[in-house]
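Q: Sequence first, then the predicted structure, then my questions.
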Amino acid sequence: MHVVMFADQHVESLGGAQVSMRLQRRFLERAGHTVTIVAPRLHRPAPTDPAYVDLPSVPITPDREYALSWPGTRTDRLVDAALAGRPPVDVVHVQADFWGAFIGHRYAARHGLPVVHTMHNRVDVGIEATAPFPGLVLRVLNAWARRALRPALLRPPDVRRIPRSSQDSAGILRGSGDSATFAREAPDGWAYLRRLARLSAAVTAPSAHFARRLEAHGAVPGVPGQDAVDVVWNGIDDDILDAALAAGPGERPGRPRFVWIGRMSPEKRLLPFLEAVAASGIDADVEVIGGGAQLRAARRLVERSRPVASIRFSGRMPYAQTLARLAEADAVVQTSIGFETQGMTVFEAASLGTPAVVSDPDIAAELGAGVWSVADASVAALAETLRRAAADIAGGSPVAVDPTIGERFRQSSRTAAMVAVYARAARR
């Protein structure tokens, strides 16, 4: 198959979804498939790759790491021209929530192609954590989607490959995806995700808890009788996992070692984590991996609070090096709540035998074993959990991870699961 993926951000930029897409591409190609990735052009040096279609874009963050490509007829023409000389496309895989999703659905509509849409984000939670007027932002976002996706909603029934007949197609457009239907819905985050889901032949989520939440809010495929969301975890690189497991856990002498990994933005709750480290009084080594807008504030917080623990800001790291740090750590700390749709870092850590301090109860429940769960969202509760974890580690009795996670989390198995979804979507 030739799978064309659409993303909000270039896959060489920082982020868990980007790491996952690079892995997906490599393992799909290893299985004999062809992959093209369409995304906004980066505004910093990055590897060139014939599989990438880089769209004109404007930077949207101060560090120029992230960018926006405007969905419209000019972009449509650029995408069509870039893909015209490539093998015929079998499936469009949208792994985007905003402009990348609009561009991908518009492309699929023009060419009568089925869409598999992977929902990576809780749009409502993310906007509430990062925007000053979230209600207004969501209203604007829904209006933008209504306008940008109009070509996908209005395409002729006989072009649409998702339904089994033109009569089914017309029913879907009238009953679930048309502008009149959405006009009756509150312009919130779930209405926005429903709009994207109902244009898709299949919807996938990277965790069971997010899949069930999508289903509960009606964000399901726009296909008669298909009201389920497929759960396909984001995986870990088989080769790196094998190398890490072959090397063994090694000795971990000295103070307990905690690692926090992620984008330094409010929804990730880095600052409350650093406050909790200081309040806990733990005698430990703490490494913070990643970058973002809150780096300066994080450094100032550490200088003011003078924690007992030593805290090192290591910046951004290549994927393999990040996994090596996870394998060396005594515990990884996950601090966002309600935002993550999988919590990929803690699954990577568990695959490598490293337990986790987990703030999000949904992630803790899906992970199962190998977790120190945080009681609530307060700094005090996180500090208490860090004290408990540090004591267990220092005492030689950390919580044990589920030994089956590593095999279930391998990218090869995740790719096989996604290929089955592609094949089902293409048959519709």
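A: Done, it's in.
Q: Which of the helices and strands in the chain ranks last by mean pLDDT?
A: One helix or strand of the chain scores below all others by mean pLDDT, DSSP states H and E: helix 166-172, with a mean of 36.
Q: which residues in the stretch 151-300 of the chain form strands?
A: 202-205, 230-231, 257-261, 285-289 (DSSP state E, counting those that start in this stretch).
Q: Out of these, which one sits most buried?
A: Highest mean neighbour count among these (mean count of other Cβ atoms under 10 Å): strand 202-205, with a mean of 26. C-beta coordinates here come from the backbone N, C-alpha and C atoms, glycine included.
Q: What is the end-to-end distance of stretch 88-107?
A: Terminal residues of stretch 88-107 lie 13 Å apart, using Cα to Cα, to the nearest Å.
Q: So for that stretch, what gets flagged as buried?
A: Residues of stretch 88-107 classed as buried by neighbour count (16 or more other Cβ atoms under 10 Å): 89-107.
Q: Low-confidence stretches in the stretch 151-300 of the chain?
A: For the stretch 151-300 of the chain, applying pLDDT under 70 flags the ranges 154-184, 248-253.
Q: what sits against residue 413?
A: Residues in contact with residue 413, defined by Cβ atoms under 8 Å, 6 or more residues apart in numbering, are 235, 407.
Q: Relative to residue 369, how far out is it?
A: 20 Å (Cβ to Cβ, to the nearest Å).
Q: can you pull out the helices in the stretch 301-428 of the chain?
A: Here the stretch 301-428 of the chain has its helices, by DSSP state H, counting those that start in this stretch, at 319-328, 344-351, 361-367, 379-394, 405-408, 411-427.
Q: May I see these arranged in JSON lines, with mean pLDDT and distance to residue 114 as well?
A: Conversion of the helices of the stretch 301-428 of the chain to JSON lines gives the following (pLDDT from 0 to 100; distance: least, Cβ to Cβ, whole Å):
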{"stretch": "helix 319-328", "mean pLDDT": "87", "distance to residue 114": "30"}
{"stretch": "helix 344-351", "mean pLDDT": "89", "distance to residue 114": "26"}
{"stretch": "helix 361-367", "mean pLDDT": "90", "distance to residue 114": "28"}
{"stretch": "helix 379-394", "mean pLDDT": "97", "distance to residue 114": "44"}
{"stretch": "helix 405-408", "mean pLDDT": "85", "distance to residue 114": "27"}
{"stretch": "helix 411-427", "mean pLDDT": "94", "distance to residue 114": "4"}
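Q: Point out the most buried one among those.
A: helix 344-351 (a mean of 27).
Q: and that one, how far out from the chain's middle?
A: 14 Å (Cα atoms, centre = their mean, to the nearest Å).
Q: list the helices and strands it packs on?
A: helix 16-30, helix 319-328, strand 331-334, strand 356-358, helix 361-367, helix 405-408 (3 or more Cβ pairs under 8 Å, 6 or more residues apart in numbering; DSSP states H and E).
Q: hmm, back to that, need the helices of the stretch 301-428 of the chain in TSV (columns: distance to residue 245).
A: As requested, the helices of the stretch 301-428 of the chain are exported to TSV (distance: least, Cβ to Cβ, whole Å):
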stretch	distance to residue 245
helix 319-328	9
helix 344-351	9
helix 361-367	19
helix 379-394	21
helix 405-408	7
helix 411-427	15
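Q: Can you say which of the ones you listed is nearest to residue 128?
A: Of all the helices of the stretch 301-428 of the chain, helix 361-367 sits nearest to residue 128, with 16.9 Å by Cβ to Cβ.
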